[in-house]
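# Structure, please.
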Amino acid sequence: MPSSDRTTALERARKSITYSELLLRSTAAARVLRGTGVGTGDRLVLHLPNGLAQLVWLQAAKRVGAVYACLPTTLSTKAPPQHRVA
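As a prediction, this is how the structure comes out:
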């Protein structure tokens, strides 16, 4: 995906992101993941609503080589401590 591509990658609820914006945002998010020690083969769970942010973080996980899973936002965040993932 060329950084100059202004083609819309995703449009949702009157918000959109181009491929070049997606590249910039996912690269920045990948830096955050790498900075926290996430890398190739690590498992990453994303608890985000469907939309632009989820797409950015999915691409970021892919960039660092992490295996990712998306949890539906309907799951409770009040799980017992032994079931929480840090």
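
# Please count neighbours and contacts with C-alpha atoms only from this point.
Will do.

# and residue 15, bridged to which residues?
Bridge pairing for residue 15 (DSSP bridges) gives the partners residue 12.

# need the helix or strand of this structure with the lowest average pLDDT.
strand 8-12 (a mean of 64; mean pLDDT, DSSP states H and E).

# What helices and strands are in contact with the top helix by length along the chain?
Using DSSP state H, we find that the single longest helix of the chain is helix 19-35. Where contact means 3 or more CA pairs under 8 Å, 6 or more residues apart in numbering; DSSP states H and E, helix 19-35 is packed against strand 8-12, helix 52-64.

# Now the weakest link among those, please, by mean pLDDT.
Ranked by mean pLDDT, these end with strand 8-12 in last place, scoring a mean of 64.

# List the contacts of the residue most central in space within the chain.
Residue closest to the average C-alpha location in the chain (CA atoms, centre = their mean): residue 57, at 1.1 Å. Contact analysis of residue 57 by CA atoms under 8 Å, 6 or more residues apart in numbering lists 26, 29, 30, 46.
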